[in-house]
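# Build me a model:
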Amino acid sequence: MSQTCILPQSYFGTDRAQMESRIAAAKSRLGKRLVILGHHYQRDDVVKYADFTGDSFKLSQQAASRPDADYIIFCGVHFMAESADVLSAPHQRVILPDLAAGCSMADMAEIDQLEQAWSELEEVFDGTPPIIPITYMNSSAAIKAFCGERGGAVCTSSNAQAVFNWASARQEKILFLPDQHLGRNTGYSMGIPLDSMPVWDPYRHMGGNTAEAVIAAKVLLWKGHCSVHQRFTPEMVDQVRSKHPGIQVIVHPECTWEVVQKSDATGSTEKIIQVVRDASAGTSWAVGTELHLVNRLAEESAREGKLVISLEERGCLCSTMFRISPAHLLASLENLVEGRIVNQITVPEETAHWTRVALDRMLAIC
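Below you'll find the model as predicted:
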C-alpha cells in the first residue's frame, strides 16, 4: 500500500557528496526493478540521475517500454505521472517524489468545469454539440478521459495540427483545452481566423460568449495558459534582436500568438532541441522556453561555437517542476529499498480506460 511521504528535515541537511553516494547506493540496490524519468524542465541536480529524459509523453512511453521495472519514479509533475500510470503495466508502480509538484496549466481545467461547459454547449445545440473535445497532454487524466469518452483525443505540441485536422474532418468545431495559446497558434497556422476562435472562460456562463458566437466558432479555446511561456512578450523579441543583431528566435507554441508571430520559428520542446542542435556553428539563438532546458542547450551549444540565450534575460523557471529536489528523489529511493512505496500516483480504472482511448486515437492519427 502506498503512503504519502512528508520529507523528513534530516534529508535537507545532507551534503552533496553524501546525497550522491546514497542515491547511487539505492539505485544499485534496486537495479532493473527501477527506472527514473526526468523531464526536460527538471533541475540539473535531479535530471542527472534520470535513466531517460524527454517531454512528458515520450517519458511515459519509455516507462511502458520497461516492463522489467517494478518502480517508475517520475521527476516531473502530477499529470505526467498520471499518464505514466495509465500507460504502464499493471504490476508497475508510478511514484512522484513530491506530491506538490503540479502544473498550473493543468489545474486551470477542472473536470467539473468541463462537465458544466459541455452541459451549456448541449443547451445551445439542442442536446448534441457538433464539437470534438481535444485536450493537450498537459491536463489531468480526468480531462483526457472526458475527451476520450466523447469521441475526442489528446495532442502534444508537436502533433496538435495533425489532431486538429483529424477533428475538423469529423465535426464542425473543436473545444480545445487547457492551453488557449497552443490552440490559437495551431488554428491560425491552419488558416482559421482569430475571430473564429473565441475564448471559453470556465468561470463565466457560456464561457463569457453569446450563443451566436459559439455557433459561429470553429475552435473554442479554454482559458488556460502556461505560467512559464506566457511570461515571454513581443517586446522581449524586439529587445533581444536589438541587443544581438542576427540572432534567431525560436519559441514554444505555448507562448502567446503575438510572440509566435514575431519569432523565426516555433516548435515543441523536442523540436527546439533538434533545431538548435542542427544549427551551424556561429549562429545565435534566443529560446523562449523553460530556463533549465535553455541553460543545458546553451552549455552544449557553446562547445559547438553557437550562442544560446533565454528570450527573457533572467530566464523563466517552472517553479512547480523545481519542487522536486535531490532530497525528494533520495527519500523515494530509500523508502523503496526498505519496501515502502510512497507518493504513488494511481488513476482509477474507468478514467484510465477512457484516457487510453484518447491517447490511442492520437497515436493512430500521428
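# is it true that Ile365 touches Trp166?
Yes - counting by CB atoms under 8 Å, Trp166 is a contact partner of Ile365 at 4.7 Å. Using the backbone N, CA and C atoms, a C-beta is placed for each residue, glycine as well.
# who has more neighbours, those two?
Trp166 (19 against 16; other CB atoms under 10 Å).
# Now list whatever residues contact both of Ile365 and Trp166.
Ala153 (CB atoms under 8 Å, 6 or more residues apart in numbering).
# Looking at Cys316 now. What's its pLDDT?
Per-residue confidence at Cys316 stands at 89 (pLDDT).
# count of neighbours near it?
Counted with other CB under 10 Å, Cys316 comes out at 20.
# I figured Arg170 was touching Ile132, is that so?
Yes - here Arg170 reaches Ile132: they are 6.0 Å apart, a contact under CB under 8 Å.
# Overlap in contacts, those two.
Gly151.
# More neighbours: those two, which one.
The neighbour comparison of Arg170 against Ile132 (other CB under 10 Å) goes to Ile132, with 23 against 11.
# Work out for me the element the more buried one sits within.
Element membership for Ile132, per DSSP states H and E: strand 131-136.
# Give me the sheet partners of that strand and which way each runs.
Using DSSP bridges, strand 131-136 pairs in its sheet with strand 153-155 (parallel), strand 173-177 (parallel).
# Looking at per-residue confidence, what score does Gly31 get?
96.
# With the one 5 residues further on instead?
Looking at Ile36, its pLDDT reads 96.
# Need the contact partners of the top helix by length along the chain.
Identified as the longest helix of the chain according to DSSP state H is helix 349-365. With contact meaning CB under 8 Å, 6+ apart, helix 349-365 is reached by 82-83, 85-87, 135, 141-142, 144-149, 152-156, 159, 162-163, 166, 347.
# From those, list just the buried residues.
82-83, 85-87, 135, 141-142, 144-149, 152-156, 159, 163, 166, 347 (16 or more other CB atoms under 10 Å).
# Strands along the stretch 201-350 of the chain, start to end?
219-222, 248-251, 265-266, 284-288, 307-310, 341-342 (DSSP state E, counting those that start in this stretch).
# and of these, who's closest to Met236?
strand 284-288 (7.9 Å; CB to CB).
# Give the closest residue to Tyr136 in space, chain neighbours not counted.
Asp179 (5.2 Å; CB to CB, 6 or more residues apart in numbering).
# burial measure for the one you found, as a count.
Neighbour tally, Asp179, other CB under 10 Å: 31.
# Lys218 too?
18.
# One more: the one 5 residues further on?
Counted with other CB under 10 Å, the neighbours of Lys223 add up to 18.
# And the residue nearest the centre of the chain, what's its pLDDT?
Closest to where the C-alpha atoms of the chain average out (CA atoms, centre = their mean) is Asn138, at 4.2 Å. Reported pLDDT at Asn138 in the predicted model: 95.
# Ile134 now?
98.
# Report the separation between it and Ala217.
14 Å (CB to CB, to the nearest Å).
# of those two, who's got more company?
For Ile134 versus Ala217, the count of surrounding residues by other CB under 10 Å is larger for Ile134: 25 against 21.
# And the more buried one, how far from Val249?
28 Å.
# can you pull out the helices in the stretch 251-366 of the chain?
257-262, 269-278, 291-302, 326-337, 349-365 (DSSP state H, counting those that start in this stretch).
# Contact partners for the closest residue in space to Cys226 that isn't next to it in sequence?
Spatially, and ignoring its direct neighbours in sequence, Cys226 is nearest to Glu254 (4.3 Å; CB to CB, 6+ apart). By CB under 8 Å, 6+ apart, the contact list for Glu254 reads 105, 157, 179, 181-182, 225-226, 228-230.
# make it 6 Å
By CB atoms under 6 Å, 6 or more residues apart in numbering, the contact list for Glu254 reads 179, 181-182, 226, 229.
# Got the phi and psi for it?
phi -80, psi -10 (degrees, to the nearest 10).
# any idea how far it lies from Met190?
17 Å.
# can you check Glu304 too?
From Glu304 to Met190 the distance is 35 Å (CB to CB).
# shouldn't Ile72 be in contact with Val35?
Yes - applying CB atoms under 6 Å, one finds Ile72 in contact with Val35, separated by 5.5 Å.
# tell me which residues of the longest helix of the chain are tucked away?
Quick answer for helix 349-365 (16+ other CB under 10 Å): 351-352, 354-359, 361-362, 365.
# quick revisit: contacts only, for the residue nearest to Tyr136.
105, 136, 224, 254.
# after the worst-scoring helix or strand of the chain on mean pLDDT comes which helix or strand?
Every helix and strand of the chain was ranked by mean pLDDT, DSSP states H and E. The lowest is strand 2-3, at a mean of 60. The helix or strand immediately downstream of strand 2-3 is helix 9-12, counting by DSSP H and E.
# mind listing what's buried in that following helix?
Tyr11.
# Can you give the contact residues for it?
327, 331.
# ok, then the element right after that helix?
helix 16-30.
# Adjacent strands (with direction) for the helix or strand just after that next one?
For helix 16-30, the succeeding helix or strand toward the C-terminus, using DSSP H and E, is strand 34-39. Strand 34-39 has the following strand partners under DSSP bridges: strand 52-54 (parallel), strand 71-75 (parallel).
# The longest one relative to helix 326-337, how many degrees between them?
This points to strand 71-75. Angle, strand 71-75 to helix 326-337, by axes from the mean of the first three to the mean of the last three CA atoms, to 10 degrees: 170 degrees.
# averaged over its residues, what pLDDT does stretch 252-262 have?
Here the average pLDDT along stretch 252-262 is 98.
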